[in-house]
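Colleague: Here is my input, please return the structure:
(chains A, B, C and D)
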Amino acid sequence: MMGINRRDFLTALGVAGGGSALAFGPQVGLKVFQTLWGEDWVEVPTGLETRINSICQQCPGGCGITVRLVGDRAVKIDGNPFYPINRGGLCPKGQSGLQSLYDPDRIRGPLKRVGERGAGKWESISWDDAIKTVITKLQEIREKKETHTIAIMAGETRGLMQALLERFLLAFGSPNYIRVSDDLAAGPLDAFYLMQGLKEGLVYDLEQANYILSFGCDLLQSFWSPVQVLRAFGYIRRERGSRARVIQIEPRQSITATKADEWIPINPGTEGALALGIAHLMIREGLHDENFIWNNAFGFEDWIDDSRISHQGFKGLVLKEYSPGIVSSITGVPVDVIIRLAREFATTKPAVAIGLRGDVPSQMAVHALNALVGSIDSPGGVLVARDIPVPELPPIEPDEISQKGAQMPHIAQPAKEKYLLADYLPHTFLERASTGEPYKLEALFLYQTNPIFSSFNPEGVAGALDKIPFIVSFSSFMDESSQQADLILPDHTYLERWQDDPVYNLKGYPIIGLRRPVVSPLYDTRHTGDVIIQLARGLGGSLAQAFPGKDFPETLQYYFQKLFEQGRGDLVGQEFEEAWSKLLARGGWRSPSYQTAEEFWQRLQEKGGWWEPIYYYGEGERVFKTPSQRFEFYSQILKERVGVLAEERLKAIGVQVRGDKLFLPHWEAVKPPESNEEQYPFILNIYQPLVFAGLINASQPFLQGITSPAPLERWDCWIEINPELAKKLGISYGDQVWVESPRGKLSFRAKLVEGAMPEVVNIPLGVGHKALGRWAKNIGKNPLLIVEGHLEPLTGRPLINTTRVKIYRA
Amino acid sequence: MVIDPKVIEAERELVAKIDQDEILFKPILSTGKGFYLVAAALLTIVVLAAYAYLAQFRYGLGVTGLNTPTYWGVYITNFVFFIGISHAGTLISAILRIARAEWRRSITRSAEVITVLVLFFGAGNIIIDLGRPDRLLNVIYYGRFQSPLLWDVVSITTYLTASSIYLYLPLIPDIALLRDRVKGIRHWFYKVLALGWRGTERQIHWLEIAIAIMAILVIPIAVSVHTVVSYVFAMTIQPMWHSAIFGPYFVVGAIFSGIAAIIIAMAIIRRVYHLEDYLRPVHFDYLGVLLLVMCCLWFYFTSCEYLTVFYGAEPVHLAVFYSKITGHYAPYFYAMLATCFVIPFAILANGKTRNVTGCVIASIAVTIGMWLERFTIVVPTLVNPRLPYERGIYMPSWVEWFIFAGCFAFFTLLYMLFTKLFPIVSIWEIREGREKSLAEVEERLRTYLPFKEEVSSKK
Amino acid sequence: MVRWGMVIDLDKCTACQACVVACQVENNVPPADPTIDAQYRAIHWLRLLEYREGEYPHVRTRLIPRPCMHCDKPPCVKVCPVGATNIGSEGIVDQIYGRCIGCRYCTTACPYTVKYMNWYRPRWPEEMKKAFNPDVTIRPKGVVEKCTFCSHRLIKARERVRAEARELGPGDYIPACVETCPSNAMYFGDLENPNGTVFQLARSHRAFKLLEDLGTEPKVIYLSEGE
Amino acid sequence: MGIVKIVVGLMTIIAILSSLAGAEDYRLPSNPVEGSRIFINKGCIKCHAIKDEGGTIGPDLGKVSIGGTLLDMAGVMWNHAPYMEGVMKQEKIIWPVLLGEEMASLIAYLYFVNYFDEPGDPAVGQALFVSKGCIKCHSINGSGGKIGPGLDKFKQNASPIVITQAMWNHGPQMSAKMSQLAIQPPQFQGKEIIDLLAYIKTQAKGRIAGGTAYMLPGNPQEGRNIFVEKGCIKCHAVRAEGGTTGPDLGKRATELYRSVNQVAGIMWNHGSTMWAKMKEKGIEVPKFSGKEMADLIAYLYFIRYFDKPGDPIKGPRLFSDRWCIKCHSIKGEGGKVGPDLAKVKGISSPVDLAAMMWNHVPIIYKETVKQQIPWPQFQKGEMADILGYLEATQEKPK
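Modeller: Numbers count the residues shown, from 1 in each chain, chains lettered A, B, ... in the order given. Model prediction:
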């Protein structure tokens, strides 16, 4: 407690200079002077100073925050020193969080569209009316027995909120929960699935690694949980005994490449080939971890299956096809560098290779390197995060209509036998749904997502939204997609609401943060969880019974009560407590810092979260969920999925490779079919600066102000060109340059950077909004408008760095 | 040969008029339409400038083109420039007085007026440049003598006082003359200012002593003023500011621009008030020679400065250097070189072109050039900071241009008003020259050289 | 006597600029907008400098966070005509906004260009004024402002320590930038305390200062990148 | 005169004994781990680590065994106080002030740290599984004898104490089987049992309902109850209180000051003897469930923790020998720099006194330096002696 602060602002205003004006008499003089001088006074926040712990939501990273309040005003956000994700640190996004709370362009109450869609004409309505409108609409749909024609699109959300949304759909009778997550930030999750059989939980134990080989993963800028990586980076550099080496392989000299020990420029899209080249050398020189491969891997050597057919193994393939010479010619990386990398990577243990979620074979190639050095489920390698406990909600009993509706095919389901590895395609479903394939949507709810901005086809998505008769947005801000909505039911910002935030950290253990309101809602907004529950209650029947609490906070308390009953973990604490918990857990002990559920709930609010800081190595069953219960170089999961496909189908989905090679890590050029290399000689490389990774923070001026460390690159978007190339094209610094792809052209300000490859031009992603308030609207351009958006043949995931462009002076 | 007595009468009248220096009183006693037109035009500019300043006062210095790191621009350039011009007067007139250069008699007044008036604009530009002009008095309340800016405050105040006195002293006899000629309010006005001047021996004696003291006093003050002005820059560690020759360099530049200013002023007065008889080509010729000398000196200092920087080749200094030689400020730099050296040198070095027109052209060039010189000293250094910041290009805004123009207009207006109140050529000194100096010069010359009489008398 | 100093380990620094934003939030530095930024008038008491060397592919880029150096021999203090810029007994170079006359002599004299002018009255939308830190005055137009090592925190720390009847210890007073640094690359403390981290790091073989040859004796010490 | 002295002396002894006997159970901590929070909150962690985690300025308290009785440990703290005070002044750390209860809790925690096993080596365990002959009866992953149950049925992450408890519970049967099969019952030395348990643990296959099988650490108070309820006390005495069939465990306290599974191993090693004796006496072999064994062992572990009553003769002597008397007086006798120690208020146990001493270290240290008195050092037991004396001299409120 700090006591009361009472400090006047601007009292030291220069009255002295008003002397001449005083000639007219003090009062009049002062008035004249002030009018001329144009100064004003600022109200001072006063009141008791307090601190409240909560969880940041400026990105999905899940950092713990401590908000400093003076009276009822939040004045500063800092990291919560007890919170294991960030330990008191906070990234610039977290720091600028108050600008989201106090954004002058926030939506201040429920809005109903009047006039044309997208015309921006709104009418304020009461919450009761708004909810009634939605209920009426939903009842209509229900009466038509078409409950499956509603869908919820949700962005980065997890935990109870996701559970409630899914539960609402299920109880209502729709399978269409569509989670849109920021794929750029994830690691090679598809490879993780194909080779280890797990869909989530991929973490890199950076803190214990000695050699980090990053294949285009812009760790320091666009990782899903930035502070964790930044913390780990500081730690491995200087805090622990030995200093880890970081190698960044990337076409652009990103901040990560700048801060790495070495930057290795590489032709875009060939990272997988380099990984295979490194694997080739490691195997040829016998540097791979034979022990791991013998005990824990499948498909390394050639093998014979049950039906006596012999198959090629990883070793054979790599030795045959990826000699350094070939790899060098594909990647543009000199042979000696490849040799050096292979030797360093194999001998500086623990080493870890980190990739991107690009094309599947490349992902597999990178992930295979981890197995080659035995860095799977070992300190300093790839860990498999322990499950985050999911407290159960009471079962629901949907009625007949709902049951029928929920059994309908998912609306975003890919067309049959296309995109084998995709359950649903959040990025393209809207475009398909607008054609009535598989069925038309009657209502769409948007929660924490802005598909018009973040999709590759803004016009297409906008057009698709146009065809949906009823759109409800829960956004707190007037973003592009909310502009197209019929009804906006604004949510609180993250500093005004209750929420849980389950997340795992880089050490692979589960954490559940408690986000709680630090200020009471500034405007007439409402928690979307409350709205969902109100809708359910309004609709009645089985829906009303589906929710255990009367509102979201009550449900949350119920949820944590269940967590308490599970008898796991403890409240978050200092590093010592982590070690102490581990020490106890090693002997099978646990000593929580609370006894009763009330105490748990109380202290949870004080501390900010719950954790179970335990990770065990060697739990083979948990780490390898593949058919062979081992790490699979030869992915049997993929084989099973592909197996049903005939030759022509493979051709149709664009997979060129056949036979065993298809199931092994390999490299194939991802060549967009319509690209003409002569006409469009450069590759467009889109990257995400830290402040806009996640694409939700463009409306915060502090972040716009630091988009780039370099001059003239703030409040704007730019194109990075190699100076030599620029000279050839007659472009100089600051010129406006047209960037033209087959899809269209945009002009950007030219920045000449030595750290750009001559054949690659780089553009940051994050600005270029057409809405979202005064600090985002019409600032910069969105390069996604000219991206061709090719889809990965197996996952249907868009590949953003395959577009070819030409550039010329505007 | 018989001469028409009418002609003789006319001639006699003319002589009497010349003796009475009627033409010098004319501007004061009668004012034409042209004056009002010009004054109105200038006043318009001044009002616009005042408006511009009011905008700046209200909204802050943001209305200028200044930025980070170009914190100083036109105003500081003006400040240095006007202070430089001020050397015109006092210094030239004082030196000429002390040197007893007789040709000075008709030009001292116009020079001294420039000094006094222009100093207001020099100091004024500093105040205009302040972010908080309302706190100006803090300089007195909290003044810290270690700041070169405070040295400036002191030396400029001193200089302003000294040069005002130095202007006023030789003005007293002329005011007395005017007092005796006019009636009404103006009589009363001149009576107050004349301080009871009767032209007695004693008064003349003391006046001459006072003028002599002031003339001597004003020279070191003038030199110090501009040295101190240069110290504002030289005392920092910024590249191409932190230079030991800045003191003399600035003084030379100041005298240089000062002479140019006098020549222009003289030319205008001569034309407007038809003073061809008083301000003769010979004056221009002499001043032209002086200007030529200063021009060479200026060039010498400039080359010293730039050559040492170039040869020393310190990267930070070179960055500034090249921004002037080949970079964004090259146009300014070469314009300065042309107007400060090439044009005046070409005109003045040649006796044939060193006529009135030639001198005026050269002077105008020098005036422009010296402003550019100050600009290229102030701005490029700031635009090229040591650390890798963005190089903001400084472009003065309309406010700055208006205030700049306003300063010139206001200065001209005040100068015009002065000519309407006081004789712009010192009448009594002209008369004194006519009455006493011929003999005195002859006497002086005798002390320089051997003369026949002396030889004979010695024998 | 205490001498406050900062050590920035560039090997740990990740150029995330959290310090930059933390500084702005803590010190009520107004956010820029496209116009202000294009006019080079954005104020960042702490900002990132970018040095680029070499040609593709052998490019070396260095990113250096730059607060005020709080020089022991500050050129800005020397030139201030009214003593608005001054150096405290504990080495913090501070700015008295109420005294500054806005002559900008200090800004031009500073070789690090760390001082900023309020060209206009700082502008905030009404809503964002709620986030003002009550401990830091809002600057009026026309005065120069700068990094103060968050000296208001020192004042508060002193009050707190006095209330607890003890001496000021390490960690009691930390500027906002150091507090937030996610990679723990920034250290702050007493340069005279031989047991302090800052003292020891400042003497590391990797230590260097910006423009050391100017003799301004900065109290911000950098640790170079690499082994 | 002589007789009077003896009488007074005897009375003092009785007073001290009775007060200590009363205090003993009170001091038996119910949750020794609680002290870990005091360890953090009071800032001990800034300088000291526990098993590698924490500050590096002071020694790692999880590694140096400062084991001993409660007051002995307080004595060790006291002895190092001037050094700590110096370091803390340098580091500008505030001297942590402790309440008596907090001090007891903290010391209990530090004492308790070694209760937890260091992790065993599964590889060694695997070898032991064969060499100790377990494999003859038990199987793991299908290989091994079929006489006993397969040992991979244990639940994953289960505490090893669950396994040792099961061993104990099945002990008589196993023992019978072994004698039937003429197998020598295995004896475990040192950490062998921990390695063996580590091996079994890695092979555990059982699923855990509800996600966890962690146990709360043993509760010595509960352990004491179990010791009585399960009838251990019938054969074993602790400090002469209890049966005499088995050895007095108070005398074996040092042996029992080991990690939980080592103690379990010791119990196992003596198992066949005990069971035989029990059979002889017709006592049913006690079975343990839940965390009973952990609690019991925690009690045994804490036996050594109890101080012996202070020596009434040594106490007063120490008071003058260790220069206390230079500053402090008792009932008016002694120095006047510090307070009269007989009049100090709020004392209910020697630990309170120890805490008070600790809290005043900075002041006392300053004074000792001023008066050039060496820092008083207390050897084993001496703290109990002097504090016992001081407590006995307290002016009890009537």
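
Colleague: separation between the closest residue to chain D within chain C and C:P194?
Modeller: Across chain C, the shortest distance to chain D (Cβ to the nearest Cβ) belongs to C:G169, at 3.5 Å. C-beta here means a position set from N, CA and C on the backbone, and glycine is covered the same way. Counting by Cβ to Cβ, to the nearest Å, the gap from C:G169 to C:P194 is 15 Å.

Colleague: can you check A:L791 too?
Modeller: Applying Cβ to Cβ, the value for A:L791 to C:P194 is 62 Å.

Colleague: same question, B:L292
Modeller: As judged by Cβ to Cβ, B:L292 and C:P194 stand 67 Å apart.

Colleague: C:R158 too?
Modeller: In terms of Cβ to Cβ, C:R158 sits 23 Å off from C:P194.

Colleague: what do you get for A:R238?
Modeller: Distance from A:R238 to C:P194, by Cβ to Cβ: 21 Å.

Colleague: In what element of secondary structure is the closest residue to D:M293 other than its chain neighbours found?
Modeller: Excluding the flanking residues, the one nearest D:M293 by Cβ to Cβ, 6 or more residues apart in numbering or on different chains is D:Q165, at 4.3 Å. Under the criterion of DSSP states H and E, D:Q165 resides in helix D:160-169.

Colleague: That helix packs against which elements?
Modeller: helix D:192-202, helix D:260-269, helix D:292-302 (3 or more Cβ pairs under 8 Å, 6 or more residues apart in numbering or on different chains; DSSP states H and E).

Colleague: Keeping just the C-alphas, turn the second one into CSV.
Modeller: So that's helix D:260-269. Only the C-alpha atoms of helix D:260-269 are listed here, as CSV (Å, rounded to 0.1, in the frame of the first residue of the first chain):
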residue,chain,number,x,y,z
VAL,D,260,11.8,-41.8,4.5
ASN,D,261,12.5,-44.9,2.4
GLN,D,262,15.8,-45.6,4.1
VAL,D,263,13.9,-45.7,7.4
ALA,D,264,11.4,-48.0,5.7
GLY,D,265,14.3,-50.1,4.6
ILE,D,266,15.5,-50.3,8.1
MET,D,267,12.1,-51.4,9.3
TRP,D,268,12.1,-54.0,6.5
ASN,D,269,15.5,-55.3,7.5
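
Colleague: Check which residues of stretch A:274-289 are buried.
Modeller: Within stretch A:274-289, the residues scored as buried using 16 or more other Cβ atoms under 10 Å in any protein chain shown are A:274-283, A:287-289.

Colleague: Distance of the residue nearest to B:V356 when sequence neighbours are not counted relative to A:I488?
Modeller: Closest residue to B:V356 apart from its sequence neighbours, by Cβ to Cβ, 6+ apart: B:F284 at 4.8 Å. According to Cβ to Cβ, B:F284 and A:I488 sit 81 Å apart.

Colleague: Next up, phi/psi of the residue in chain D that chain C sits nearest to, please.
Modeller: Residue of chain D nearest chain C, by Cβ to the nearest Cβ: D:K92 (3.5 Å). D:K92 adopts backbone torsions of phi 60, psi 50, taken as degrees, to the nearest 10.

Colleague: The helix or strand that comes right after the helix holding D:Q165 to helix D:160-169, inter-axis angle?
Modeller: Next in sequence after helix D:160-169, counting helices and strands by DSSP H and E, comes helix D:171-181. Here helix D:171-181 runs at 60 degrees with respect to helix D:160-169, directions being taken by axes from the mean of the first three to the mean of the last three Cα atoms, to 10 degrees.

Colleague: helices or strands next to helix D:171-181 in the packing?
Modeller: helix D:134-137, helix D:271-281.

Colleague: between those, which gets nearest to chain B?
Modeller: Of all the helices and strands packed on helix D:171-181, helix D:134-137 comes closest under Cβ to the nearest Cβ, at 71.1 Å.

Colleague: how distant is the following helix or strand past the closest one from the center of its chain?
Modeller: Tracing the chain past helix D:134-137, the next element assigned as helix or strand by DSSP H and E is strand D:139-140. Centroid separation for strand D:139-140 versus its chain: 36 Å, with Cα atoms, centre = their mean, to the nearest Å.

Colleague: Please say whether there is contact between strand D:139-140 and chain A.
Modeller: No - residues of strand D:139-140 contacting chain A under Cβ under 8 Å from any Cβ of the partner chain: none, with a closest distance of 15.2 Å.

Colleague: where do the strands sit along chain C?
Modeller: Using DSSP state E, the strands of chain C run over residues C:4-9, C:47-53, C:60-66, C:85-87, C:93-95, C:116-117, C:144-145, C:186-190, C:207-208, C:220-223.

Colleague: so, in contact with chain D or not, the first one?
Modeller: To tie it back to what came earlier, the one meant is strand C:4-9. No - applying Cβ under 8 Å from any Cβ, one finds strand C:4-9 separated from chain D by no less than 14.4 Å.

Colleague: Check which helices and strands that strand is in contact with.
Modeller: Counting contacts by 3+ Cβ pairs under 8 Å, 6+ apart, strand C:4-9 is packed against strand C:186-190, helix C:197-202, strand C:220-223.

Colleague: do the shortest one and chain B meet?
Modeller: No - using Cβ under 8 Å from any Cβ, strand C:220-223 stays clear of chain B, coming no nearer than 12.5 Å.

Colleague: Between A:L791 and C:P194, which has more neighbouring residues?
Modeller: A:L791 (20 against 10; other Cβ atoms under 10 Å in any protein chain shown).

Colleague: isn't the more buried one right next to A:T802, touching?
Modeller: No - counting by Cβ atoms under 8 Å, A:L791 stays clear of A:T802, with 10.1 Å between them.

Colleague: what sits against the residue nearest to the spatial centre of chain D?
Modeller: Chain D has D:F302 as the residue nearest its centroid, 3.4 Å off, counting by Cα atoms, centre = their mean. Residues near D:F302 by Cβ atoms under 8 Å, 6 or more residues apart in numbering or on different chains: D:28-29, D:32, D:111, D:220, D:223.

Colleague: try it again with 7 Å
Modeller: By Cβ atoms under 7 Å, 6 or more residues apart in numbering or on different chains, the contact set of D:F302 is D:28, D:220.

Colleague: Can you tell me how far the closest residue to chain A within chain B is from C:G98?
Modeller: Proximity of chain B to chain A (Cβ to the nearest Cβ) peaks at B:D134, 1.9 Å away. Plainly put, B:D134 is 12 Å away from C:G98 if you go by Cβ to Cβ.
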